[in-house]
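Visitor: Below are the sequence and a predicted model for it; my questions follow.
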Amino acid sequence: MQPLQYCPTNVSMSVVWSNHGISQCFLDTVSAAVIGGFLLVFGTIQLLMYRRYGTENSPAQIGRSRMYNFQVFLLALLPVLAVVRFVLEGFVFEGARVYGFMILALCVALFAYPYSIVLLVKERYYLLPSLPTRGHGLVLLLFWTLLFIAQNVVF
């Protein structure tokens, strides 16, 4: 049995650009670290603010929303897709092998998406003592923006 490598053979974290594009090892490592770190720090601060200063929103003000349920469904589906991607890239495809950066990306995905659901539920059912906002908070919007950028940076 071979020892676990962090990056594939002939790929290094110090070489960002390889084969006319960004190295998948580098991109997955940096994006997972930035996204996971951002959500851990700022999401926890937001949850502490809701815990300390938040008041429960009255059920009469919370309307039934299919889009909210659809959004929660999609956020719950994304960790499943991350596991499927890990299994396919690590075990099913020809020449498949598990690398450390794949494990890091999987662990961050399994943490970040459920944590964002927790933030989404807090924003929906609790109010902070400020002007009521319409829509999502800054932490979730930046989290989704970082995810969008990370998925579309591939050249």
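Guide: Great, that's in hand. Quick caveat, the model's predicted, so the values are computed rather than measured. Numbering: from 1, shown residues only.

Visitor: got the residue ranges for the helices in this protein?
Guide: Assigned by DSSP state H, the chain shows helices spanning 24-38, 44-53, 66-87, 100-125, 138-152.

Visitor: could you dump the ones you listed to TSV with distance to Pro8 and mean pLDDT?
Guide: C-beta coordinates here come from the backbone N, C-alpha and C atoms, glycine included. Shown next, in TSV, are the helices of the chain (distance: least, C-beta to C-beta, whole Å; pLDDT from 0 to 100):
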stretch	distance to Pro8	mean pLDDT
helix 24-38	7	93
helix 44-53	34	94
helix 66-87	15	95
helix 100-125	9	95
helix 138-152	19	94
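
Visitor: Including mean neighbour count and distance to Asn10, could these go into a markdown table?
Guide: Listed next are the helices of the chain as a markdown table, based on neighbours: other C-beta atoms under 10 Å; distance: least, C-beta to C-beta, whole Å:
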| stretch | mean neighbour count | distance to Asn10 |
| --- | --- | --- |
| helix 24-38 | 18 | 11 |
| helix 44-53 | 13 | 39 |
| helix 66-87 | 13 | 22 |
| helix 100-125 | 18 | 15 |
| helix 138-152 | 14 | 24 |
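
Visitor: Distance to Glu94 for those helices - can I get that in a markdown table?
Guide: Converted to a markdown table, the helices of the chain look like this (distance: least, C-beta to C-beta, whole Å):
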| stretch | distance to Glu94 |
| --- | --- |
| helix 24-38 | 17 |
| helix 44-53 | 41 |
| helix 66-87 | 14 |
| helix 100-125 | 16 |
| helix 138-152 | 24 |
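
Visitor: Any idea which of these gets closest to Gln5?
Guide: The closest of those to Gln5 is helix 100-125. By C-beta to C-beta, the value is 6.7 Å.

Visitor: Please name every helix or strand in contact with the closest one.
Guide: helix 24-38, helix 44-53, helix 66-87, helix 138-152 (3 or more C-beta pairs under 8 Å, 6 or more residues apart in numbering; DSSP states H and E).

Visitor: Could you tell me how far the third one lies from the centre of the chain?
Guide: The reference is to helix 66-87. 11 Å (C-alpha atoms, centre = their mean, to the nearest Å).

Visitor: Quick one, which of the helices and strands packed on helix 100-125 gets closest to Gly95.
Guide: Comparing the helices and strands packed on helix 100-125 against Gly95 with C-beta to C-beta, the closest turns out to be helix 24-38 (13.9 Å).
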